[in-house]
Each structure stands twice: as structure tokens, then as C-alpha cells.
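K.L.:
here's my sequence, what's the structure:
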Amino acid sequence: GDVCELPMLKQMLGGMDAQMQGRQPNMEEMQSPAYQEKLKREEDIYCKQLSQKLLAKLDQYCNEGRQAFKEQLEKDSKELCEAPGGVELIKMAGYVYTLEGKQHAGRFLGLEGFFAQIQEKTHVMSSGASVLMDAVKTANMAQEIGDQRSGNARRTEEQQRAMEQKMMRSGLQVVWKMGKLLLEERVRKVCEIMMSAVDKDPRKVEKLAEALIMMGEHFEEHGEKEAANQKRIGGGSASEGPQIPGM
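P.N.:
Below you'll find the model as predicted:
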């Protein structure tokens, strides 16, 4: 799914756009229960659609076998890495797919799933703290810029432009980190919806979990290799990507 279509991110971007245009965002409307319920309803519908796509993708493993599935993953990985931001997103999606698969595979008396849950929670807390710190830093810069415009601070025009550029860079970093965090949550939700749709068939759950782990590990490995290759040749991944890998 499009990163910018994530409900919380749409809300954040709308507020940032209003502030950049010198308008105050309508926070009362954006925080109203009705508006939040509307965003949640839209996200639920979209995640259900994505879960059906993911199920169709993993069914290839169940119906056509491991080799055919691996060949398709190789093709998908190459195509996805060519998209803007694709390398970062394929690594992110691979990480989540692997953990979600392990949580549902039931291997090693359930211990693998237990430790995968702990790893997932630790990762979420760490990523959230990083986003929060960057957001506070950006908010402080925005306040300094606002003080200058209202006459409460004294900077030259050149200093003010430099501060604004620094704030924009920091803001984009926050948006990208938040987007990744929200995308991870969306991918988890999609996996959970898919698994809940087949939970009455333990054998089906087991096969889908195996396919999910295989896809996750392949995406992570391919993403790491591509990232290393880009770094070696002096390139780099862009800061946005249009699709969730595997869906």
C-alpha cells in the first residue's frame, strides 16, 4: 500500500501542509471520534483486501511447491527493489513476515513463536522511541522558526532559511520513520487477518506460516544484498515506496 495513505500519516501530513501554508490545522475535526472511526474503518477494509492478496500469493507455495514459489520470490524481489524506496521496504516487510510466520508455525513446542513475539515487541518499542525523539527535535525547530516569524527571535534571513531547510530535512526523516513504523503495523495486521481466516484448519495455518517465513527470509536476504550493492557503488535507496512487498 501507499505509505502516504496510512491513516495516521495522512493526518500528520495534512497538519504539516496546513502549517507550511500558514494555516492552523483543524485539530478538533482531525481528533474527533467520528473522523478517527472513519480512518479506522477505511484501514480495516484495505487491510482485509491486502490479506486476500497475501493469501493468494502464499497459496502458490501450498499448491505449486517450494521451487516454483522460490522462483517467483526471486522475480518479485528484483522488481520490488527497483521501485523507489524498495530496498528499505522489502527489508522491512521481510523482517515482519518472518516474525509473523514464526509466531504461527508452532515449531519447537511454540518456543520459536514466543521468542518471535518478544523480538517483535522490543523492535516496536525501539522504533517508536526513535521516532518520538526525532519528532520532538523537529517540533523544537518549528517553534524556533515560529518565534522568528512572530518577532520573538533575531536571525538573519540566511540563518532563517538554513533553519527552515534543516527543519524540512528533519521533518521528512520523521515522516519516513513514522511511515515505516505504521507500515510494519499494517503488515502485521494483514498477516493476522489472513491467519484468522484459516485458523480452523491447522494444516493450512502451518503451510501458510512456512510460506510466510520463506518469503520473509528471502526478502530480508535480497534486501540486504541489494543495500550492500547500492552502498558499494555509491547509490542508495529513495525515501519512499509505493507498495508493500508480497501484496
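K.L.:
so where's this structure uncertain?
P.N.:
Along the chain, segments meeting pLDDT under 70 span 1-31, 108-111, 115, 145-155, 235-247.
K.L.:
residues touching S130, list them.
P.N.:
If you count contacts by CB atoms under 8 Å, 6 or more residues apart in numbering, S130 has them with K177. (Glycine included, C-beta is placed from N, CA and C.)
K.L.:
I45: neighbour count?
P.N.:
10 (other CB atoms under 10 Å).
K.L.:
ok, the one 5 residues further on next?
P.N.:
L50 is surrounded by 21 other residues when neighbours are defined as other CB under 10 Å.
K.L.:
by contact count, what packs against the helix or strand where it lies?
P.N.:
Element membership of L50 [criterion: DSSP states H and E] is helix 33-64. The contact analysis (3 or more CB pairs under 8 Å, 6 or more residues apart in numbering; DSSP states H and E) places helix 33-64 against helix 7-20, helix 66-82, helix 157-197, helix 202-232.
K.L.:
which one of these lies closest to A116?
P.N.:
Nearest to A116 among the helices and strands packed on helix 33-64 is helix 202-232; the distance by CB to CB comes to 9.9 Å.
K.L.:
what angle separates that closest one from helix 66-82?
P.N.:
Counting by axes from the mean of the first three to the mean of the last three CA atoms, to 10 degrees, helix 202-232 lies at 40 degrees to helix 66-82.
K.L.:
flag every buried residue along helix 202-232.
P.N.:
204-205, 207-220, 222-223, 226-227 (16 or more other CB atoms under 10 Å).
K.L.:
and if you look at stretch 135-144?
P.N.:
Within stretch 135-144, the residues that count as buried by 16+ other CB under 10 Å are A135, K137, T138, M141, A142, E144.
K.L.:
what inclination does the helix holding L50 have with respect to helix 66-82?
P.N.:
140 degrees.
K.L.:
re the thing from before, JSON lines for the helices and strands packed on helix 33-64, including distance to L58?
P.N.:
Converted to JSON lines, the helices and strands packed on helix 33-64 look like this (distance: least, CB to CB, whole Å):
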{"stretch": "helix 7-20", "distance to L58": "26"}
{"stretch": "helix 66-82", "distance to L58": "8"}
{"stretch": "helix 157-197", "distance to L58": "8"}
{"stretch": "helix 202-232", "distance to L58": "4"}
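K.L.:
okay, which residue is most central for the protein?
P.N.:
L183 (2.4 Å; CA atoms, centre = their mean).
K.L.:
would you mind measuring from that residue to G128?
P.N.:
Using CB to CB, to the nearest Å, L183 is found at 14 Å from G128.
K.L.:
what of L39?
P.N.:
Counting by CB to CB - L39 and G128 are separated by 19 Å.
K.L.:
just to revisit the earlier point, buried set for the helix holding L50?
P.N.:
E43, Y46, C47, L50, S51, L54, L55, K57, L58, Y61.
K.L.:
can you report how many residues neighbour I193?
P.N.:
I193: 18 neighbours (other CB under 10 Å).
K.L.:
ok, now which ones touch V131?
P.N.:
V174, K177, M178, L181.
K.L.:
could you dump these into JSON lines with distance to Q103 added?
P.N.:
Listed next are the contacts of V131 as JSON lines, based on distance: CB to CB, whole Å:
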{"residue": "V174", "distance to Q103": "29"}
{"residue": "K177", "distance to Q103": "24"}
{"residue": "M178", "distance to Q103": "24"}
{"residue": "L181", "distance to Q103": "19"}
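K.L.:
buried ones among these?
P.N.:
V174, K177, M178, L181.
K.L.:
which ones are touching L181?
P.N.:
Counting by CB under 8 Å, 6+ apart, L181 has contacts V124, S127, G128, V131.
K.L.:
that concludes my questions; thank you for your assistance.
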